[in-house]
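A.B. asks: sequence and predicted structure, then a few things I'm wondering about:
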Amino acid sequence: MVRVRPYRRGGWEVDIRVRLPDGKVHRERTRSSASSRSVALRYGEARARELLLQGVPKRREEVPTFSEFWPRFMDGYVRANRLKPSGVAAKESVWRAHLRAHFGSKKLDAVTTEDVQRLKHVLTTRAAKTVNNVLTVLNVVLRKAVEWDVIERMPCAVRLLPIPKPNAQFHDFEAYERLVSTAQGLDPRAYLMVLLGGEAGLRCGEMMALEWGDVDLVKGQISVQRSDWKGHVTTTKGGRVRHVGMTRRLAAALQRHRHLKGKRVLCQDNGEPLTQKIVQDHIGRAARRAHVRDGVHILRHTFCSHLAMRGAPARAIQELAGHQDLTTTQRSMHLSPAALEDAIRLLDGHSPAHLRGDIVEAAGTVSVSR
């Protein structure tokens, strides 16, 4: 039903009542500035047909501010998708340290590209990777708001900073052997940590979470299936279980280290799990005494690089390291300056004894077979 009557301030009031297919009655009253009653009536009838065919449009709620939307984002996206505790903590840290101060009181659809540029300017003293982490969280929040129909479209452009590919550090053969020997003389746990990182490619959290049930001394194999982050035990970084064969000295070290203090391979004297700081302290002390670079993750790069220099295919290294894509593996594979020099000497017709095996392509080097 459509009724038209004169509006007290001029024009016409169009009163529309429509019974929708679900049985509900929808009413709209609007003012029309039409020149005549018949024109206003035609508008009302057209609007009534539109409501019957298309239904009542959903009224968009008022756009929330960043501070209002943030808990919804954390619950509806971060926690709902079961991100790892480290990922949850990282996003909360970005919010507290950066996004809340710059965007907390802003409505989601009011963020401009210039606002993003101002944020970049404020963070000029921070590393490019840190800035990109902040920008990535900002981008995901806004995209989820669009996806959940909180805002109609992305209100701004979020462009990451270019980051040059870093040269991952690793120990060459001589430096690694010096580190192994030094760690062995310091502490059995430090020795085992160095071997787990340098000869099995375990990350720090994977070392901490390794259990005796994951170690098969008969098969000579380790199953890497969990990681420990600040007491939270989760899956590995790639989310997949991987199986790594043991070198002879790693197997021997594990055999000698066998204990009944608990199910963890590496633990404190009272059986309590290790913390990340304890692992870093053990490896750091050994590295300083061996006069090599300090760092737990350097051992993992050493694992990949030594495999490459010994002739292992890149695809095999990817599986052993548990990388999700080959690009990550290639960034971790490096050849020592001595190995590169010996490879060039092959063009002179020389074949150094330690290059009698295959030299595979790694980090842009050319594959040469004997």
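C.D. replies: Sure thing, it's come through. Please read these numbers as outputs of a predicted model, since none were measured by experiment. Numbering: from 1, shown residues only.
A.B. asks: ranges for the strands of the chain?
C.D. replies: With DSSP state E as the criterion, the chain has strands at 2-6, 12-19, 25-32, 215-216, 221-224, 227-229, 232-234, 242-245.
A.B. asks: and the closest residue to Ile317 other than its chain neighbours, how many neighbours?
C.D. replies: In space, Ile317 comes closest to Leu307 once its chain neighbours are excluded; the distance is 5.0 Å by CB to CB, 6 or more residues apart in numbering. The C-beta positions use only the backbone N, C-alpha and C, and glycine is treated the same way. Residue neighbour count, defined by other CB atoms under 10 Å, stands at 23 for Leu307.
A.B. asks: show the pLDDT at Leu307.
C.D. replies: Listed pLDDT for Leu307 reads 88.
A.B. asks: in this structure it contacts Arg315, no?
C.D. replies: No. The pair Leu307 and Arg315 fails to qualify as a contact (CB atoms under 8 Å) at a distance of 11.4 Å.
A.B. asks: and the closest residue to Lys107 other than its chain neighbours, how close does it get to Arg72?
C.D. replies: Sequence neighbours aside, Val63 is the residue nearest to Lys107 in space, at 4.7 Å (criterion: CB to CB, 6+ apart). Applying CB to CB, to the nearest Å, the value for Val63 to Arg72 is 13 Å.
A.B. asks: same question, Val146
C.D. replies: 14 Å.
A.B. asks: ok, now which ones touch the most centrally placed residue in the chain?
C.D. replies: For the chain, the residue nearest the mean C-alpha position is Gly87 (7.2 Å; CA atoms, centre = their mean). Applying CB atoms under 8 Å, 6 or more residues apart in numbering to Gly87 gives the contacts Val78.
A.B. asks: how close does it get to Val218?
C.D. replies: Distance, Gly87 to Val218, by CB to CB: 37 Å.
A.B. asks: what's the local residue count around Gly44?
C.D. replies: 23.
A.B. asks: so what's it up against?
C.D. replies: 2-4, 14-16, 32.
A.B. asks: same deal with Val63?
C.D. replies: Neighbours of Val63 in contact, by CB under 8 Å, 6+ apart: 107-110, 150-151.
A.B. asks: and the two most separated of the residues you listed?
C.D. replies: Ala110 and Val150 (12.8 Å; CB to CB).
A.B. asks: could you give the mean pLDDT of stretch 156-172?
C.D. replies: Here the average pLDDT along stretch 156-172 is 86.
A.B. asks: if I look at the residue lying closest to Arg300 once chain neighbours are set aside, how far off is Lys263?
C.D. replies: Spatial nearest neighbour of Arg300, chain neighbours left out: Gly201 (5.3 Å); criterion: CB to CB, 6+ apart. Taking CB to CB as the criterion, Gly201 is separated from Lys263 by 22 Å.
A.B. asks: which of these two has more residues huddled nearby?
C.D. replies: Ranked by neighbour count (other CB under 10 Å), Gly201 and Lys263 place Gly201 first, with 26 against 13.
A.B. asks: wouldn't the more buried one be in contact with His301 here?
C.D. replies: No. Gly201 lies out of contact with His301 (CB under 8 Å); the separation is 9.2 Å.
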